[in-house]
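Trainee: below: sequence and its predicted model.
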Amino acid sequence: MAKLSLMFQEKLVKEVPVGSRPVGIGRAPDNDLAVDNLAVSNHHARVYFEAGKLVVEDLDSLNGTFVNDMRIERVTLRDGDKIHIGKHHIKVDATGDAPVPWASDRKVAAPRINETMVLDTKERRSMLQQAAALGERTQFASGRITVPTLIILAGNTDRKEYTLTNKLTVIGKSRMATVRLKGWFRPQMAAQINQRDDGYYLGPGAKVPTVNGKPVIGQVRLNHGDLIDVCGVRLNFIIRD
Amino acid sequence: MRIESGGVSDVGLVRTNNEDCYRIVAPLNLFVLSDGMGGEAHGEIASSLAVETVVKYCVEAADKPSLQMFGETQATSSSKTRLLSNAIHLANKKVFESAQGHAEQHGMGATLTAAWIAEETLSVAHVGDSRVYLLRSGGLHQLTNDHSLVAEQVRRGVLTAVEAECSDMQSVLLRALGTQQEIEIEATEHPLFPRDILLLCSDGLTRMVTEPEIAGTLQAETDPAKAAEKLVVLAKDNGGADNITVIVVRLEPQANGWLSWLRRGARKDAGANGSAGGNSDG
């Protein structure tokens, strides 16, 4: 099992194993390796396994994370590497790469594969904060609230504009459809939009819709500004801030 | 619409006990599935307690339409959806109290995913990372959000869907029954159409079998119980690392009128071809 040894002036302060859960390093007390020094940011860096390799990642710390005296953002660690954070350093023992199951430090009777667990409120908050911090840095829209909207440009529907709030938005004549088509010979369910974790996907129903003129085969991820045509109705998919 | 259903729960190839639990209440068209967690046998206790509580509440509510509501409910949703939410609130309370009352059960919990079909409306209520899928017009649509850390990170744009699938944090849930006194329930409603196929499943299926494989199996096998069995076999072929539980529900057009009779005849042929193809694979 890989382990990290926190050292201060060649004295061992603390030793932690690296399991499947990232080891948090920083000044805040919720870190696995809490380093009580003003030069250290609250959530300074973290060490974790990725694809079988031990990785250290700086979490946008003020004074930086150094591996073997090189300032790094994110780097793979080797056995014997030294991570410098403030006045402390961490010795890396990367022998035995197999990550221990996360639950192992929680006194579970026997280690088990993929043990499901629930984060308590405090853990959840800190992990989501970490996730959000990561999101901001990689320029993702983590903090923004976006509202996906369909605007009717042509055709006969019950409204002129629809906000997509459902997991599955049905376009059709059905009285339960979100976008209700009016007129003769309209199918009950002409097309549908599925909200997935990573975006909105348009799929066919009784009709094959087109997106920007191209027929939809299977499911197509919608992008801001896409023009959808189905059953003589033209819709504009936009994402509002 | 005529509704046919079938379900299977399997321990898988790695674990020694099955912490999943499901119930099909055919007369009510109610389908409930739960994936338990916690050491020793406590996952099993949590999931069966959760499922039984939800089923009992819904059966009683169906007998007594004037049943008093409790807990927070949304005014916009139909009575079935509200009942289902109430049932899950109650199940959460029961599992939580059981966990608090017995020291050895501390930390037990369960996912809960329930689907209730009334006429042409599907009510879904859900907590955790079990899933409801709808197969319609060849497309497989997930109707539930996973309440897991990785799914939340994908929604926030921190991880891509592919990264999430490779993450070793997949088992970390943000919500589950029995871990807190009050719980937030995801409740949604969807219109249903003839020939829709519903799938309720635990993560033992979705972590082992890809969505295209799931869609293909559901389309090829027209008998819901056999389709459920085939999905379990697929999950085991791919490793079977966790318990696998699957409920398949098919909505068939009502058999009356000469037009539907004609259509049904045509579809029967197509169905026979499809299942023959499925059998040769297995």
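Mentor: Nice, thanks for sending it over.
Trainee: give me the buried positions along the host helix or strand of residue A:150.
Mentor: Secondary-structure element containing residue A:150, defined by DSSP states H and E: strand A:147-154. If you call a residue buried by 16 or more other CB atoms under 10 Å in any protein chain shown, then strand A:147-154 has these buried ones: A:148, A:150, A:152. The way it works is simple: take the backbone N, C-alpha and C, and place the C-beta from them, glycine included.
Trainee: can you map out the strands along the stretch 101-250 of chain B?
Mentor: Using DSSP state E, counting those that start in this stretch, the strands of the stretch 101-250 of chain B run over B:109-110, B:112-118, B:121-127, B:131-136, B:139-142, B:172-173, B:186-191, B:197-201, B:244-252.
Trainee: which of those comes out lowest on mean pLDDT?
Mentor: Averaged per stretch, pLDDT over the strands of the stretch 101-250 of chain B is lowest on strand B:172-173, reaching a mean of 88.
Trainee: circling back to that earlier point, let's have the strands of the stretch 101-250 of chain B in TSV, adding mean neighbour count and distance to chain A.
Mentor: Formatted as TSV, the entries for the strands of the stretch 101-250 of chain B read as follows, by neighbours: other CB atoms under 10 Å in any protein chain shown; distance: least, CB to the nearest CB, whole Å:
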stretch	mean neighbour count	distance to chain A
strand B:109-110	32	6
strand B:112-118	26	12
strand B:121-127	25	7
strand B:131-136	23	7
strand B:139-142	20	4
strand B:172-173	24	5
strand B:186-191	20	3
strand B:197-201	26	12
strand B:244-252	25	13
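Trainee: measure residue B:195 to residue B:149 for me?
Mentor: Distance of residue B:195 to residue B:149, given as CB to CB, to the nearest Å: 36 Å.
Trainee: neighbour count: the two, which is higher?
Mentor: With neighbours defined as other CB atoms under 10 Å in any protein chain shown, residue B:195 and residue B:149 compare such that residue B:149 has more, 24 against 15.
Trainee: right, and that one touches residue A:119 too?
Mentor: Yes - distance between residue B:149 and residue A:119: 6.9 Å, which falls inside the contact criterion (CB atoms under 8 Å).
Trainee: list phi and psi for the residue of chain A most remote from its centre.
Mentor: Most distant residue from the mean C-alpha position of chain A: residue A:184, 44.7 Å away (CA atoms, centre = their mean). With angles defined as degrees, to the nearest 10, residue A:184 sits at phi -70, psi 150.
Trainee: again with the one 3 residues further on
Mentor: The main-chain torsion angles of residue A:187 are listed as degrees, to the nearest 10 and equal phi -70, psi 150.
Trainee: try the one 3 residues further on
Mentor: Backbone geometry at residue A:190, expressed as degrees, to the nearest 10, gives phi -90, psi -40.
Trainee: and it, what does it touch?
Mentor: With contacts defined as CB atoms under 8 Å, 6 or more residues apart in numbering or on different chains, the neighbours of residue A:190 are A:171-173, A:181, A:205-207, A:209, A:230-231.
Trainee: how close does it get to residue A:205?
Mentor: Distance check for residue A:190 against residue A:205: by CB to CB, it reads 5 Å.
Trainee: cool, residue B:197 as well?
Mentor: 14 Å.
Trainee: same check on residue B:235?
Mentor: Following CB to CB, the distance that separates residue B:235 from residue A:205 is 29 Å.
Trainee: again, but for residue B:216
Mentor: Distance from residue B:216 to residue A:205, by CB to CB: 20 Å.
Trainee: okay, those two: which has more neighbours?
Mentor: It is residue A:205, of residue B:216 and residue A:205, that has more neighbours when counted by other CB under 10 Å, with 24 against 18.
Trainee: how about residue B:131, nearest residue that isn't a chain neighbour?
Mentor: Closest residue in space to residue B:131, ignoring its immediate chain neighbours: residue B:144 at 5.3 Å, by CB to CB, 6 or more residues apart in numbering or on different chains.
Trainee: count the neighbours of the one you found for me.
Mentor: If we define neighbours as other CB under 10 Å, then residue B:144 has 22 of them.
Trainee: again with residue A:183
Mentor: Residue A:183 has 12 nearby residues by other CB under 10 Å.
Trainee: hmm, back to that, shared neighbours of residue A:190 and residue A:205, anything?
Mentor: Between them, residue A:190 and residue A:205 share the contacting residues A:171-172, judged by CB under 8 Å, 6+ apart.
Trainee: so for chain B, the centremost residue is which one?
Mentor: If you average the C-alpha coordinates of chain B and look for the closest C-alpha using CA atoms, centre = their mean, you land on residue B:200, 2.7 Å from that point.
Trainee: quickly list what that residue is bridged to.
Mentor: For residue B:200, the beta-bridge partners under DSSP bridges are residue B:132, residue B:247.
Trainee: follow-up on the earlier one: most neighbours, which of the contacts of residue A:190?
Mentor: When the contacts of residue A:190 are compared by neighbour count (other CB under 10 Å), residue A:171 ends up highest, at 29 neighbours.
Trainee: show me where pLDDT drops low in the chain?
Mentor: In the absence of a named chain, this looks at chain A. Along chain A, segments meeting pLDDT under 70 span A:96-115, A:120-144.
Trainee: should've been chain B
Mentor: Counting by pLDDT under 70, the low-confidence segments of chain B come to B:65-77, B:255-282.
Trainee: and the gap between residue B:28 and residue B:228?
Mentor: Using CB to CB, which is the criterion applied here, residue B:28 is 19 Å from residue B:228.
Trainee: when these two are compared, which one has more neighbours?
Mentor: When residue B:28 and residue B:228 are compared on other CB under 10 Å, the one with more neighbours turns out to be residue B:228, at 30 against 16.
Trainee: now the helices for chain A?
Mentor: Under the criterion DSSP state H, chain A contains helices at A:121-137.
Trainee: on that earlier part again, now the strand holding residue A:150 - C-alpha only, CSV.
Mentor: Only the C-alpha atoms of strand A:147-154 are listed here, as CSV (Å, rounded to 0.1, in the frame of the first residue of the first chain):
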residue,chain,number,x,y,z
VAL,A,147,-31.8,27.4,-18.1
PRO,A,148,-32.2,25.4,-21.3
THR,A,149,-35.1,26.8,-23.3
LEU,A,150,-36.9,25.9,-26.5
ILE,A,151,-38.2,28.9,-28.5
ILE,A,152,-40.8,28.2,-31.3
LEU,A,153,-39.7,30.0,-34.5
ALA,A,154,-42.4,28.5,-36.7
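Trainee: quickly check: that strand near chain B or not.
Mentor: No - Strand A:147-154 stays clear of chain B (CB under 8 Å from any CB of the partner chain), getting no nearer than 12.7 Å.
Trainee: partners of that strand in the sheet?
Mentor: When DSSP bridges is applied, strand A:147-154 pairs with strand A:161-163 (antiparallel), strand A:233-240 (antiparallel).
Trainee: mind putting the ones you listed into CSV with mean neighbour count?
Mentor: Rendered in CSV, the data for the strands paired with strand A:147-154 read as follows (neighbours: other CB atoms under 10 Å in any protein chain shown):
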stretch, mean neighbour count
strand A:161-163, 15
strand A:233-240, 18
